[in-house]
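Engineer: prediction below, plus the sequence it came from.
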Amino acid sequence: MSKLKNGTWVLIADGEKALFLENQTDGEDPFLNVVRKEEQENPPNREQAANRRGRFNDGPSVHRSAVEDTDWHQLAKDRFAHELADILYKQAHKGNFDSIVLVADPGTLGELRQELHQEVSDKILGEVPKTLTNHPIDDIEKIVVNELNKG
């Protein structure tokens, strides 16, 4: 018996893209319909960094140390997880879904999990730690059902 039922939302996300899908049928033969798409413009860090790494003096000696540059790409991914959590909270609060399955790469899933409001966390049916943002919806349906039935 699949956990996926009519009306269950499935979030497919990575650090830059997200698809909000809703199951329109039962869990055995799901039909996921796109409810919403989110995409973030997040170029590679080398295109976002302003200049070369900074250096500073370690004191009176001539020794200088490098300063780690900010990883703008990672910061943007973390911010995106926060934005997704915010969207999910608003949608849950409006009553737009009773249950949800989170599908994301392990890093994004962990980041998202930290950001989720309790109202959304209580509705999570399952999590699939995989990157499926570039898969066709037919494949996503099969993978999600298989992963949920494992657990």
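Structural biologist: Arrived safely.
Engineer: I'd say Glu16 and Lys77 touch.
Structural biologist: Yes: contact criterion CB atoms under 8 Å: Glu16 and Lys77 qualify, at 7.0 Å. For the C-beta atoms, the positions are set from N, CA and C on the backbone; glycine is no exception.
Engineer: pick out whichever of those two has more residues nearby.
Structural biologist: The residue with more neighbours, out of Glu16 and Lys77, is Lys77; 20 against 17, by other CB atoms under 10 Å.
Engineer: give me the distance between the more buried one and Asp29.
Structural biologist: Counting by CB to CB, to the nearest Å, the gap from Lys77 to Asp29 is 34 Å.
Engineer: repeat that for His82.
Structural biologist: Distance from His82 to Asp29, by CB to CB: 35 Å.
Engineer: those two: who's more crowded?
Structural biologist: The residue with more neighbours, out of His82 and Asp29, is His82; 14 against 10, by other CB under 10 Å.
Engineer: tell me the pLDDT at the more buried one?
Structural biologist: We have a pLDDT of 89 for His82.
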